[in-house]
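**Student:** Just need the structure, nothing else, for what follows:
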Amino acid sequence: MTDRRRSDDYKQVSGYVPVELAREFKSICAKQGFSQSEVLEEMLYEWVAKTTTAHSYKAEPTPPKTIADLVRLNMAKLKRCGVKNLSALSKGEVLPTPGDFAIITSALSISEEERKIIWQETFKLSVSSNSTSVKVYKDSGGSREGECEYS
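**Tutor:** Alright, predicted model coming up:
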């Protein structure tokens with residue numbers, strides 16, 4: 001997990017809220033196993049997206065092109081689906097397993113055609129165009145086994 005306090009990729013945001021709201025927020029975060037930072041980040045993404053969309057001159061919002069886009073735009077809905085590493089997925093730091101991708105797209109009611117496009121676009125971006133091969137691993141609880149190389 002990233003040490004957000006020491007990372008150049010994170011900035012502290014603060015404000016004042018009523019004491020009871022702060023207590024309830026802290027309690028709910030603890031009960032659901034989320035850090036307050038994760039939840040605040042999710043809420044800020046949603047608020048910024050809503051605010052910029054409301055003030056945007058675009059008629060239609062741009063549909064997500066990659067898995068990272070899809071996760072970033074739908075963090076709140078996906079937190080309840082049991083998919084791990086949402087923060088890393090939203091930044092494109094990791095890719096989901098096919099099972100997690102199925103859960104994500106099912107929870108968001110993504111059509112089969114859109115699923116294929118998003119999957120292909122994500123892997124097109126994650127594999128360098130000058131690569132001569134790609135290593136694929138079967139995930140077994142954090143260990144790599146069954147290495148296959150595709151050229």
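**Student:** which stretches of the chain aren't confidently modelled?
**Tutor:** For the chain, the stretches flagged by pLDDT under 70 are 1-2, 53-62, 125-151.
**Student:** so who does the residue nearest the centre of it touch?
**Tutor:** Centroid-nearest residue in the chain: S90, 2.6 Å away (criterion: CA atoms, centre = their mean). Contact analysis of S90 by CB atoms under 8 Å, 6 or more residues apart in numbering lists A68, V71, R72, M75. C-beta here means a position set from N, CA and C on the backbone, and glycine is covered the same way.
**Student:** measure it to V71 for me?
**Tutor:** 4 Å (CB to CB, to the nearest Å).
**Student:** repeat for T51
**Tutor:** According to CB to CB, T51 stands 20 Å off from V71.
**Student:** likewise K50?
**Tutor:** Per CB to CB, K50 is found 17 Å from V71.
**Student:** neighbour-wise, which of these two wins?
**Tutor:** Between K50 and V71, V71 has the larger neighbour count (other CB atoms under 10 Å), namely 25 against 10.
**Student:** Contacts only, for that one.
**Tutor:** Neighbour list for V71: L78, L86, L89, S90, I104 [criterion: CB under 8 Å, 6+ apart].
**Student:** My reading is that it lies in a helix. Confirm?
**Tutor:** Yes: counting by DSSP: H, G, I helix; E, B strand; the rest coil, V71 is part of a helix.
**Student:** So which of the contacts of S90 is surrounded by the most neighbours?
**Tutor:** Within the contacts of S90, most neighbours by other CB under 10 Å means V71, with 25 neighbours.
**Student:** The longest helix anywhere in the chain: how far from the chain's middle?
**Tutor:** The helix that spans the most residues within the chain, counting by DSSP state H, is helix 36-54. Put simply, helix 36-54 sits 13 Å off its chain's centre (CA atoms, centre = their mean, to the nearest Å).
**Student:** now do stretch 106-120
**Tutor:** Centre-to-centre, stretch 106-120 and its host chain are 15 Å apart (CA atoms, centre = their mean).
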